[in-house]
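Trainee: need a structure here:
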Amino acid sequence: MAIFQFRSKRKISGGRYRAIRKSKLREHGSLPIHTKIGKRKIKRVRVRGKNFKTKVLVTEFANVYDPKTKKNYKVKIEGIIDNPANRHFIRRNIITKSAIIKTEKGDAKITSRPGQHGTINAVLIEK
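Mentor: Numbering: from 1, shown residues only. As a prediction, this is how the structure comes out:
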């Protein structure tokens, strides 16, 4: 089934809108990328304007920023502690923005969108 990002065929009242035109390619979306922990796999997808978007399918490292020392570190992800996007993502080890991960340096909060940016950036959380 296609992901379609145009208005619904149904009105709020339940009636149908009349079809005014066919769907456009620019209105089609894609399925979400569920980034997991493991050996790195990426996917390049062509997007509008002949540009490319890098999507991370699987990764084991994150770029973690330490606010105290003001330095970035490349650290290994040990696991996922919390994911406010969906509570079932914790068990499935799916990484999304604002998820809290356990790393070698400590707990960190994801600030990037792995399915959009092609990397995982995080900030250390002070306890």
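Trainee: List the buried residues in the strand ranked longest in the chain.
Mentor: Counting by DSSP state E, the longest strand found in the chain is strand 71-82. For strand 71-82, burial by neighbour count (16 or more other Cβ atoms under 10 Å) applies to 73, 75, 77, 80. Any C-beta I mention is one placed from the backbone N, CA and C, and that applies to glycine too.
Trainee: C-alpha coordinates for the worst-scoring helix or strand of the chain on mean pLDDT, PDB please?
Mentor: Least confident helix or strand of the chain, by mean pLDDT, DSSP states H and E, is helix 114-117 with a mean of 90. Extracted C-alpha coordinates of helix 114-117, given in PDB (Å, rounded to 0.1, in the frame of the first residue of the first chain):
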ATOM      1  CA  PRO A 114      18.800   8.600  11.900                       C
ATOM      2  CA  GLY A 115      16.400   7.700   9.100                       C
ATOM      3  CA  GLN A 116      16.900  11.200   7.600                       C
ATOM      4  CA  HIS A 117      20.400  12.400   8.400                       C
END
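Trainee: Which secondary structure elements does that helix sit against?
Mentor: Helices and strands touching helix 114-117, by 3 or more Cβ pairs under 8 Å, 6 or more residues apart in numbering; DSSP states H and E, are strand 51-59.
Trainee: residues of the helix or strand following the strand it packs on that come out buried?
Mentor: Counting by DSSP states H and E, the element after strand 51-59 in chain order, helix or strand, is strand 61-66. Neighbour-count burial for strand 61-66, counted by 16+ other Cβ under 10 Å, picks out 62, 64.
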